[in-house]
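In: Just the structure for this:
(chains A and B)
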There are 2 protein chains.
Amino acid sequence: MRTPRHDEKGSTVTASPRLRTGIATVCLSGMLDDKLDAAAAAGFDGVEIFENDLIVSNLSPEEIRRRCADLGLTIDLYQPFRDYEALPGALHRDALRRACHKLELMRRLGADTLLVCSTLSPHAIDDDDLAAEHLHTLAERAAGHGMRIAYEALAWGRHVNTWEHAWDIVQRADHPALGLCLDSFHVLSKNPAPTGIADIAAGKLFFLQLADAPVLDMDVLQWSRHHRLFPGQGAFDLPGFVKQVLAAGYTGPLSLEVFNDVFRQSDPRPAAADAMRSLLALRESLTVQPDHMASAVPPASPPLRGFSFAEVTVDDESGPQLTAALTALGFTHIGQHCTKPVQLWQQDSSNVLLNWAPSHPSTSNNAKIAAVAVESDVPQDSAHRAQALLAPRLHRRRDHAEADLNAVAAPDGTHIFFCGSGPGTDWRTDFTPTGQAADRTLLRHIDHIALAQPFDRFTESTLFYSALLGLDPLDEIEYAAPFGLVHSRTVADSSGRVRIALHGAVLRRGDWAPTVRDPEHIAFSTDALFSVARALRDRGAPVLAITDNYYDDLDARFALAPDLLSQMRDLNVLYDRDEHGELFHLYTEILGSQMFFEVLQRVNGYNGYGAANAPVRMAAHRQAREQQAGSDRLR
Amino acid sequence: MRTPRHDEKGSTVTASPRLRTGIATVCLSGMLDDKLDAAAAAGFDGVEIFENDLIVSNLSPEEIRRRCADLGLTIDLYQPFRDYEALPGALHRDALRRACHKLELMRRLGADTLLVCSTLSPHAIDDDDLAAEHLHTLAERAAGHGMRIAYEALAWGRHVNTWEHAWDIVQRADHPALGLCLDSFHVLSKNPAPTGIADIAAGKLFFLQLADAPVLDMDVLQWSRHHRLFPGQGAFDLPGFVKQVLAAGYTGPLSLEVFNDVFRQSDPRPAAADAMRSLLALRESLTVQPDHMASAVPPASPPLRGFSFAEVTVDDESGPQLTAALTALGFTHIGQHCTKPVQLWQQDSSNVLLNWAPSHPSTSNNAKIAAVAVESDVPQDSAHRAQALLAPRLHRRRDHAEADLNAVAAPDGTHIFFCGSGPGTDWRTDFTPTGQAADRTLLRHIDHIALAQPFDRFTESTLFYSALLGLDPLDEIEYAAPFGLVHSRTVADSSGRVRIALHGAVLRRGDWAPTVRDPEHIAFSTDALFSVARALRDRGAPVLAITDNYYDDLDARFALAPDLLSQMRDLNVLYDRDEHGELFHLYTEILGSQMFFEVLQRVNGYNGYGAANAPVRMAAHRQAREQQAGSDRLR
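Out: Numbering: from 1, shown residues only, chains lettered A, B, ... in the order given. I've put the predicted structure just below:
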């Protein structure tokens, strides 16, 4: 067996070292140096060098070795080596020659573990003893260089495609330099609840690769090559899997190997941070913490009481639209920020800040949700947690008298504030009262905030918001909207106090699209939607007109009482139903360039977001815009 | 049975009317009026109104009816009606109520055929007689309004999921207003070579929906909803299928129903033209032409003799790079266009035109493949074919003395010229000789031209180039490049005279990408690659440097003779092998902003394009750029 090695970061390895973190270079986009820089910046301890990344690099193996050392990265694995074992005669000799080439490369690179995948070769013989013999031969060669071989069953391997089968062959081969590599995808794609992993002999589990994935009913190779995700982003039980692996005495790195079409083309720096965040959240989810992990776990998320406020940036063109709409919705301008051009608009427990920014030609008529603030029981803990989870901290200009709001930036650019009621965290103290009192007649609280996600950051955002705020991601849904498919995933706490709906185009749009970015919105709750709808009509609120065709279809589908349907049609109220109850809701027109408001009433615990009506709303927004443009032209 | 109706376009229907064309609105992106406009502009005769498109539209059914009539479109089908048949008791009454609502809607819309899909309801009873009874009831109601019901088996239907089963139920129901709808996807996804369709009773096949698809091993519902293609773009035998349907006496429209993630978000006008082009090509591929089709078939593609030339647009910054590179590659500036700033560079049978355009700040250092010219035996026929296949004709400014080159625009913006050797088609006559003679020592002909495709036009481009030029599309391949997955599909004639390689990002890129558009290139053939490589080195040609790691890996993989490998390493020659033979090739550095040249030698009939080396080339281009930028900074 291999002797214990020294921790490259300087301290001597103890009986129970901190579990190290790793990432395969194939997870990230770019050239090898881009990938190594990104992995180091995200705080990974080591990397798996993916062969193709090395082949296309103009860094020599020695230069890569030095680059990694300079960045504080260990090279934990060289991979993959394919189609080696159980080949007949001359083909076996060719494969061994090829392997020896790679061992020599690894010597130059300073890598000491080679991943051997179970063969796909049509020439391979289905003979476990022959496979074991060949692996023994290779392990003997590797041992001669102080290296070792980690054998992995691909889920689509020709003869060996389960970890149990690979483990059996490793035992048959019985060489100290030969062990097993487990990859969570290959294991869990075949069997979501494996047993027996904890019984693998101590020290024979040489390497652990982690990947999550959505449940997809498709060819497993295509599923693996295109749809893997970082832990916590898919449907696999990674905590349960890792617990079994740790029970087997594994002390190597938790190393990510994720093939994903989107990550492959995304900026590697945020992708690496997303990857590291997934490992930190995974560690936290191991409810029985191994001693050597406790220090690495971020502080738990304190309970959240709801949204403190949502901040909307406006300019001279959009600002009047927003103030008119808020006024018509029953909001009052009750406070003015003591140093900034920010207005506080309030109604019952809903707070909206309007931040008046100078108009800029490139963002004319701008109105966007710039910040979301949550009310935390312990704002400092929320902020520490966010930082431990690699959220970029925002340094906001502020006067000494102002609240020290802890703020971080989300992947979509939204600022997240952690507010409280104590000194230094109570944002309300920054506002000078205007003397007007807030109304309480129409709307209650912010039910949810819907944020548009850039195409290439959707998955990252889901993990970011849920991990930072301690929210549960609900199932992802997908719907056909007029200008393309949209996916949407909501993160929410179990009590429904903080709900954030993330949505975005499934594919990034081509040249045809009415807006570059989908509009975002803030949804307010009410206990009496129809009264509100009538009040809004009386106040001239810019309620979005819904087509008659929608109500004809509602009638066909739900057979609602004619009176009710007629009121809904009259007031532009939309309807949905789930297994709990009913939703009545309405929307405003688009305000500024890309936001709107929603008012909703959840009846009998309806728990969704009216996604069935989203295409209707999108179409109505487009049509309202066209009518507006038409009447502007006539004027 | 339904009585023969009048052709909406005025003429009386005869025994053998021209088969009409149709498209389901769900195929296209946008609002219903965008879709109808696009379908009409592409020349479709009719549409299927997809229910969701109507529901979100603010046009009333009567307005939609008028809009279609104004555009010359018939409404051939209203669809889909789901979960109707074989429900028990009260659920059946609800479903019938719902159906009656839709019949009333169809009356307003002026649609006379309703598509009923086989049920997915978990409440449905597996009882064919009950299903037949319910369909009979619905057909009776429909007949009362002069309408009819087309019953379709969804491939994932709960109890009915084959066309044979649906046909059995239609026969049991035995109502003149009830017939069958066949959808090629639902039929061919279950059985790629169905039999028996020709035996369906004359007149009982009410509707035909056409879709192609790639072969994918995945859940059939997801396959259908996201990956359908227009005929000729996938792997299904649509000609064989349609022949059977016509043999059954079908005279209704050939109507497209394609759910595709990309088309759903693409500009509907080119998408509709793409759709119509697919139907025109499908008609052509019905080798036994029904009488009523012959007139609609475009003229056959005349034989092509190769590339006449490739035209590259350059500016003051990129032009000198191109001329230096062409000179080093052995080209000579042998002609100057008589009226335009266009140079003819020639070597053996390779011709490259350099079109000097003024520099423009937004496209500084521009160098792009602007036009591709093919040598046709009958250029006028090639041009007529292109126009019959809806290729936008280009009107080029020209003097009377110049050749009347027929040119069209491809979806990627490339101009396609059809040249010949006769008067008016011989492009050479437009050039005044410079007095210099072309060399023949190094390069032979243009082997292939590789064109970058916009994300949302890749599939359309494949059909466009192959249909217009009479080329065969080879299998699509996909490879992992440093900045994301790339797909590539080549269209070529069987003799390899005209080969065009189309490539593009699988997903449109996010913010991280070194170039907005992938570079394009022209590949020249040689019979003696190593001599050429040495000559290029001697002439100082900007040959792309390939990393040593690549050659180490070649050595491991292929065990090439050490001498050969050493020469390749020395001369930056890349290598590939297929079942026929071997490829030796080299690339230049990027010239201008986004193009380069390739020189290749095919040994023993190698038939590929060295795709395995594409990531190596992309990485090397990136590294060469960085080194250039670095040395520019030092200077």
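In: show me where pLDDT drops low in chain A?
Out: When residues are selected by pLDDT under 70, those of chain A lie in A:1-17, A:287-297, A:396-401, A:515-516, A:633-635.
In: quick one, domains of it?
Out: With automatic domain parsing serving as the domain definition, the record reports that chain A contains domains spanning A:21-296, A:304-629.
In: Any residue of the last one touching chain B?
Out: Meaning domain A:304-629. Yes. Using CB under 8 Å from any CB of the partner chain, domain A:304-629 comes into contact with chain B via A:454-457, A:480, A:482-485, A:505-513, A:545, A:547-550, A:552-553, A:555-557, A:559, A:615-616, A:618-620, A:622-623. The C-beta positions use only the backbone N, C-alpha and C, and glycine is treated the same way.
In: Ok, the shortest one next?
Out: Yes. Among the residues of domain A:21-296, A:26, A:29-31, A:51-52, A:54-58, A:60-61, A:94, A:97-98, A:101-102, A:105, A:216-219, A:222, A:261-262, A:264-268 lie within reach of chain B under CB under 8 Å from any CB.
In: from the chain's centre, how far out does that domain sit?
Out: Distance of domain A:21-296 from the chain centroid (CA atoms, centre = their mean, to the nearest Å) equals 23 Å.
In: Can I get the buried part of the residues of domain A:304-629 next to chain B as one ChimeraX selection?
Out: To isolate the buried subset of those in ChimeraX, counting by 16 or more other CB atoms under 10 Å in any protein chain shown, use the following:
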select /A:454,455,456,457,480,482,483,484,485,505,506,507,508,509,510,512,513,547,549,550,552,553,555,556,615,616,618,619,620,622,623
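In: Just put the domains of chain A in CSV and tack on distance to B:Ala142.
Out: Written out in CSV, the entries for the domains of chain A read as follows (distance: least, CB to CB, whole Å):
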stretch, distance to B:Ala142
domain A:21-296, 36
domain A:304-629, 16
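In: Which residue lies closest in space to whatever residue of the stretch 201-350 of chain A ends up closest to chain B, excluding its sequence neighbours?
Out: When distances are taken as CB to the nearest CB, the stretch 201-350 of chain A approaches chain B most closely through A:Gln265, which lies 3.0 Å from it. Closest residue to A:Gln265 in three dimensions, ignoring its sequence neighbours and counting by CB to CB, 6 or more residues apart in numbering or on different chains: B:Gly484, at 3.0 Å.
In: now A:Ser593
Out: Excluding the flanking residues, the one nearest A:Ser593 by CB to CB, 6+ apart is A:Asn365, at 4.7 Å.
In: again with A:Asp183
Out: Ranked by CB to CB, 6+ apart and with sequence neighbours excluded, the top spatial neighbour of A:Asp183 is A:Gln209, at 4.0 Å.
In: what's the burial count for A:Glu164?
Out: The burial metric for A:Glu164, expressed as a neighbour count using other CB atoms under 10 Å in any protein chain shown, is 15.
In: any idea how far A:Ser466 is from A:Met277?
Out: Let me fix one detail, which is that residue A:277 is Arg and not Met. Using CB to CB, to the nearest Å, A:Arg277 is found at 10 Å from A:Ser466.
In: Please apply the same query to A:Gly496.
Out: When CB to CB is the yardstick, A:Gly496 and A:Ser466 sit 15 Å from each other.
In: Quick check: the nearest residue to A:Ser318 once chain neighbours are set aside vs chain B, distance?
Out: Spatial nearest neighbour of A:Ser318, excluding adjacent residues (CB to CB, 6+ apart): A:Gly592 at 3.1 Å. Computed as CB to the nearest CB, to the nearest Å, the A:Gly592 to chain B distance reads 22 Å.
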